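Q: Structure here, sequence nowhere to be found:
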Ligand SMILES: C[S@@+](CC[C@H](N)C(=O)[O-])C[C@H]1O[C@@H](n2cnc3c(N)ncnc32)[C@H](O)[C@@H]1O
């Protein structure tokens with residue numbers, strides 16, 4: 001557990017009340033809001049900024065062992081001009097996290113809006129000119145062919161690490177992670193700044209191979225999280241996809257406890273997966289995309305009606321009609337695509353599987369780009385596509401032939 005406190009509070013830890021402040025419990029060098037302000041003011045004095053600045057209430061954030069000291073303009077009390085971040089352990093300024101002095105000065109001089117507007121004005125809303133595409137091959141190679149910033153949303157569910165030996169070629173977990181890093185890096189290149197990458201992942205279970213071993217769970221989502229941050233994404237949300245209770249029994253987890261009921265043997269039956277939402281770093285606010293979209297009719301017609309998922313717990317039945325062993329349900333793809341893209345946008349799924357993302361993007365009036373490495377699964381994609389009236393002929397097929405129309409008159413009849 002970590003604590004972010006507006007002030008020094010008496011806190012409860014492990015059920016015992018203690019009258020020590022968080023800073024005292026952690027043994028920080030900077031122990032109080034007064035001391036935090038003092039460190040910040042010594043620093044600002046070097047730049048002769050003190051006469052124009054007052055301090056807001058410092059906060060302690062013991063996740064990172066830092067104090068955050070808000071800076072306000074003395075001229076306009078309400079306007080925040082930045083913050084000084086102090087390493088609570090050493091009392092040094094954390095330059096990486098603090099607002100740069102140049103920016104504080106510009107804001108104090110009332111140039112804040114001008115400063116940001118100038119940067120934003122330079123940006124024009126870019127409409128991607130990519131058309132519906134389905135490619136057979138390694139997504140890293142195929143993405144490398146795509147122009148930078150040509151995609152508006154990425155939604156995917158990556159291959160599992162050794163979940164089923166026949167279904168994964170990564171024998172070392174680190175090898176899997178470095179493959180995923182390359183995918184995330186390339187995804188970051190093709191994704192437009194400020195837009196979302198949503199990834200469906202879950203910890204995986206490595207079954208024991210003998211009686212003398214125990215099964216292991218690897219927390220893949222948490223390792224991927226770090227990679228996303230290192231590759232220039234910001235964390236937005238952890239959506240929890242909850243399946244019905246029966247869904248987890250197939251994993252075998254929790255069965256032993258169910259039978260014996262011994263403490264320490266308890267294992268939860270997993271019925272959730274993560275749907276992690278990241279945003280490619282940008283100074284552009286979400287509002288910017290809504291206000292500057294050149295087709296405001298598209299923006300209005302993309303609005304989400306009532307009955308949307310209000311919380312981060314999404315109860316969705318995992319069942320799909322797909323022949324793919326790891327397809328995600330159409331409902332999951334529909335929700336993600338509707339919540340994180342506009343009509344007309346380009347939605348990429350680098351690990352297309354049976355093409356759920358592409359099919360749902362198409363049904364929601366978005367364009368799609370889908371890659372899949374396996375010929376077997378590409379066949380499933382083609383079968384589904386050829387059931388949609390005339391769609392097959394409107395797709396740019398890479399490394400694979402377009403599917404034969406199944407309609408009576410060359411695909412004309414098959415709605
Ligand atoms: C979890 S499945 C995706 C299922 C998909 N969401 C669906 O609904 O059908 C991952 C897919 O990634 C494919 N894959 C694995 N490595 C790949 C690579 N390097 N490039 C493209 N596809 C890959 C696998 O063949 C598998 O079909």
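A: The structure has been received and is ready for your questions. Predicted model, so just to flag it, every value in this text is computed and none were measured.
Q: My read is that residue 149 contacts residue 192, right?
A: Yes - between residue 149 and residue 192 there is a contact at 4.6 Å, judged by C-beta atoms under 8 Å. To be clear about C-beta, it is placed using only N, CA and C from the backbone, and glycine gets the same treatment.
Q: quick one: which of the two has more around it?
A: residue 192 (22 against 17; other C-beta atoms under 10 Å).
Q: my read is that one is in a strand, agree?
A: Yes - according to DSSP: H, G, I helix; E, B strand; the rest coil, residue 192 belongs to a strand.
Q: That one against residue 148, yeah?
A: No - under the criterion of C-beta under 8 Å, residue 192 makes no contact with residue 148, lying 9.0 Å away.
Q: which residues do residue 149 and residue 192 both contact?
A: residue 126 (C-beta atoms under 8 Å, 6 or more residues apart in numbering).
Q: Kindly report the residues of the protein close to the ligand.
A: 138-139, 157, 159, 322, 324, 326-328, 350-351, 353-354, 356, 371-374, 377 (C-beta under 6 Å from any ligand atom).
Q: Need the buried ones from those residues selected in ChimeraX.
A: Burial among the residues of the chain next to the ligand is assessed by 16 or more other C-beta atoms under 10 Å; the matching ChimeraX selection reads:
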select :139,157,159,322,324,326,327,328,350,351,353,354,356,371,372,373,377
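Q: Taking the protein, what residue is nearest to the ligand?
A: residue 353 (2.4 Å; C-beta to the nearest ligand atom).
Q: quick one: low-confidence parts of the stretch 101-250 of the chain?
A: For the stretch 101-250 of the chain, the stretches with pLDDT under 70 are 111-122, 163-169.
Q: the strands in the stretch 101-250 of the chain, which residues?
A: Along the stretch 101-250 of the chain, counting by DSSP state E, counting those that start in this stretch, strands occupy 133-136, 151-156, 191-201, 204-206, 216-218, 233-242.
Q: and these as a markdown table, adding distance to residue 173?
A: As requested, these are exported to a markdown table (distance: least, C-beta to C-beta, whole Å):
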| stretch | distance to residue 173 |
| --- | --- |
| strand 133-136 | 27 |
| strand 151-156 | 19 |
| strand 191-201 | 14 |
| strand 204-206 | 9 |
| strand 216-218 | 6 |
| strand 233-242 | 21 |
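Q: Which of the ones you listed sits closest to residue 95?
A: Ranking the strands of the stretch 101-250 of the chain by proximity to residue 95 (C-beta to C-beta) places strand 233-242 first, at 20.0 Å.
Q: Which SSE is immediately downstream of the closest one?
A: Proceeding N to C from strand 233-242, the next assigned helix or strand is helix 255-260, under DSSP states H and E.
Q: residues making contact with that next one?
A: With C-beta under 8 Å, 6+ apart as the test, helix 255-260 has contacts from 249, 265-267.
Q: at 6 Å what do you get?
A: 265-267 (C-beta atoms under 6 Å, 6 or more residues apart in numbering).
Q: ditto for stretch 235-250
A: Contacts of stretch 235-250 (C-beta under 6 Å, 6+ apart): 269-277, 279, 312-316, 318.
Q: In strands, which of the residues you listed fall?
A: Applying DSSP state E to the contacts of stretch 235-250, the entries found in strands are 272-277, 279, 313-315.
Q: Buried ones from these, can you make that a ChimeraX selection?
A: A single ChimeraX command selects the buried members of those (16+ other C-beta under 10 Å):
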select :272,273,274,275,276,277,279,314
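Q: I'd like the ones in strands among the contacts of stretch 235-250 written out as TSV, with pLDDT added.
A: Below are the ones in strands among the contacts of stretch 235-250 laid out as TSV (pLDDT from 0 to 100):
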residue	pLDDT
272	96
273	97
274	98
275	98
276	98
277	98
279	98
313	98
314	98
315	97
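Q: Name the member of the contacts of helix 255-260 with the most neighbours.
A: Most surrounded of those: other C-beta under 10 Å gives residue 267, at 17 neighbours.
Q: That residue in helix, strand or coil?
A: coil.
Q: Next, the contact list for it, please.
A: Per C-beta under 6 Å, 6+ apart, neighbours of residue 267: 253-254, 257.
Q: again, only using 10 Å
A: Contact analysis of residue 267 by C-beta atoms under 10 Å, 6 or more residues apart in numbering lists 205, 214-215, 217, 251-258.
Q: Pick out the most distant pair among those residues.
A: Comparing every pair within those by C-beta to C-beta identifies 217 and 258 as the most remote, at 17.5 Å.
Q: sorry, back to before: setting aside sequence neighbours, what's the nearest residue to the residue of the chain closest to the ligand?
A: residue 324 (4.8 Å; C-beta to C-beta, 6 or more residues apart in numbering).
Q: isn't the one you found right up against residue 159?
A: No - in this structure residue 324 lies outside contact range of residue 159 using C-beta atoms under 10 Å: 11.6 Å.
Q: Please enumerate the shared neighbours of the two.
A: With C-beta under 10 Å, 6+ apart as the test, residue 324 and residue 159 both reach 353, 374.
Q: before we move on, back to that, can you tell me which of the contacts of stretch 235-250 lies closest to residue 94?
A: Using C-beta to C-beta, these come closest to residue 94 at residue 279, 23.3 Å.
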